[in-house]
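Novice: Please work out how this folds:
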Amino acid sequence: MNNRRCVSRRSLLASAALSLGAATAAAVVSPAAAQQKISQPDAKYQTTPKGDQRCEVCVNFQPANGCKFVDGDISPNGWCQLFTPKTKS
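Specialist: Got it, this is the predicted structure:
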């Protein structure tokens, strides 16, 4: 005997639409959530460089004293664990 369950095209399409809607909703990030920054202690921020690594040569540094990801005043000579060097052109 064949025990296959019959699935209607309508229920299949409805299920697919729900899955797609849920995936789309999960992928959308609110502007407020995207702008939240982490604290300096969480980023392991320090006001001194770590060797040649310092904020002013990091892609996340925003002159004169800001960072895309770390909250508060950031020294150009500081460093944190999010350091990512700028690529040389």
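Novice: Phi and psi next, for the nearest residue to residue 85 once chain neighbours are set aside.
Specialist: Among residues not flanking residue 85 along the chain, residue 57 sits closest, at 5.9 Å (C-beta to C-beta, 6 or more residues apart in numbering). (Each C-beta comes from the backbone N, C-alpha and C, glycine too.) Dihedral pair for residue 57: phi -110, psi 20, per degrees, to the nearest 10.
Novice: Surely residue 57 and residue 86 touch.
Specialist: Yes - counting by C-beta atoms under 8 Å, residue 57 does reach residue 86; the two are 5.7 Å apart.
Novice: higher neighbour count, those two?
Specialist: A side-by-side neighbour count of residue 57 and residue 86, using other C-beta atoms under 10 Å, places residue 57 first with 14 against 11.
Novice: Can you check the pLDDT for that one?
Specialist: On pLDDT, residue 57 comes in at 97.
Novice: The one 3 residues further on too?
Specialist: In this model, residue 60 is scored at 97, pLDDT.
Novice: and the gap between residue 52 and residue 63?
Specialist: To residue 63, residue 52 is 19 Å away according to C-beta to C-beta, to the nearest Å.
Novice: tell me the mean pLDDT over stretch 37-53?
Specialist: On average, stretch 37-53 scores 97.
Novice: buried sites along it?
Specialist: For stretch 37-53, the neighbour count (16 or more other C-beta atoms under 10 Å) marks 40, 43, 45, 49 as buried.
Novice: Dump the residues you listed to a markdown table, plus secondary structure and distance to residue 74.
Specialist: Output for the buried residues of stretch 37-53, formatted as a markdown table (DSSP: H, G, I helix; E, B strand; the rest coil; distance: C-beta to C-beta, whole Å):
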| residue | secondary structure | distance to residue 74 |
| --- | --- | --- |
| 40 | coil | 8 |
| 43 | coil | 10 |
| 45 | coil | 7 |
| 49 | coil | 12 |
